[in-house]
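Sequence first, predicted model second:
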Amino acid sequence: MYTYFVQPIFNIEQQRAISYELLLRTWDATERNWRLPDHFDIDADTQLRLMKQVLPHLKLKNVTINLTTAQFADASTQAKFIDFVNSQNGTVTLTVELVKAPTLAVIQRMAPAYHEAGILIAIDDVGSDNTYDETVDLLPFVDTLKFAIQNLRRQGATLRELRPTIINWMTLAQREKLRFTLEGIETRSDLEMVASIGVSRCQGFFYSKPVLPDELQASFL
């Protein structure tokens, strides 16, 4: 059994949630709790069913779902997402977030139809799981870059040490006219530091851990 947990993405300047990432969880009958699934390759019908369960809980229906490389490259999956967005008459904004940078050939093939339907494309974990060399040629076909502080903190880096790298990726996004979202904001000190260098879109435990939709604080809706 699957569900989507929700984690808000905040605009620092506006001090409000501007989007929500939907994060897949599976029920552990032994431990009697929700946990990360062993794999994320669920079919599009299941993803859409879970998304439809979340949307009524959100006033702002601007959501992001994660796709594997195989899911993103699949034409049937794409068609179902496009049909869903088209059926919502402009009330839902959908971003597909790629956990691994696809090949240039794949994104050239898939991006036009997604964009024609108003579906945005994000690349997750730039600067860690997805390197500059893997990402740079894809920039004309994407809308958002996401930099995950937590990935590099696990390797021992501090936020102060990461500051130049964050600035480089943010500058690249600005030059290419892309959105830039910083993940892994855990403390007010984190927030103040990234705000001082001009980051405006943030996500992390400082605001909210991923929670079930009905547990989302009213201030985050």
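Ah, there it is. Numbers count the residues shown, from 1 in each chain.

use CA for all of it now, contacts and neighbours both
OK.

The closest residue to P140 other than its chain neighbours - how many residues pack around it?
Spatial nearest neighbour of P140, excluding adjacent residues (CA to CA, 6 or more residues apart in numbering): E176 at 7.6 Å. Neighbour count for E176, taken as other CA atoms under 10 Å: 14.

Then the one 3 residues further on?
Around R179 there are 16 other residues, counting by other CA under 10 Å.

Looks like it contacts L139 (just checking).
No: R179 is beyond contact range of L139, at 11.1 Å (criterion: CA atoms under 8 Å).

list the buried ones in the worst-scoring helix or strand of the chain on mean pLDDT?
Every helix and strand of the chain was ranked by mean pLDDT, DSSP states H and E. The lowest is helix 149-153, at a mean of 90. Within helix 149-153, the residues scored as buried using 16 or more other CA atoms under 10 Å are I149, Q150, N151, L152.

sorry, back to before: please tell me the pLDDT value assigned to the residue nearest to P140.
What the model reports as pLDDT for E176 is 97.

Mind listing what's buried along the biggest strand by length in the chain?
As assigned by DSSP state E, the longest strand anywhere in the chain is strand 16-28. Using 16+ other CA under 10 Å as the test for burial, strand 16-28 gives A17, I18, S19, Y20, E21, L22, L23, L24, R25, T26.

Okay, strands next: where are they in the chain?
Going by DSSP E, the chain shows strands at 2-11, 16-28, 33-35, 62-67, 93-98, 120-123, 144-148, 179-183, 201-203.

Would you mind telling me which of those is nearest P164?
strand 144-148 (12.6 Å; CA to CA).

Packing partners of that closest one?
strand 120-123, helix 159-175, strand 179-183 (3 or more CA pairs under 8 Å, 6 or more residues apart in numbering; DSSP states H and E).

now the ones you listed in CSV, with distance to T144?
Converted to CSV, these look like this (distance: least, CA to CA, whole Å):
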stretch, distance to T144
strand 120-123, 4
helix 159-175, 8
strand 179-183, 4
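
Which among these is found nearest to V6?
Across the helices and strands packed on strand 144-148, closest to V6 is strand 179-183 (CA to CA), at 14.2 Å.

Go ahead and name everything in contact with that closest one.
Strand 179-183 is contacted from outside by 143-150, 170, 173-174, 199-204, using CA atoms under 8 Å, 6 or more residues apart in numbering.

again, only this time at 7 Å
Residues outside strand 179-183 that contact it (CA atoms under 7 Å, 6 or more residues apart in numbering) are 143-149, 170, 173, 201-204.

Give the pairing partners of that strand; include direction for each.
In the sheet, strand 179-183 lines up against strand 144-148 (parallel), strand 201-203 (parallel) (DSSP bridges).
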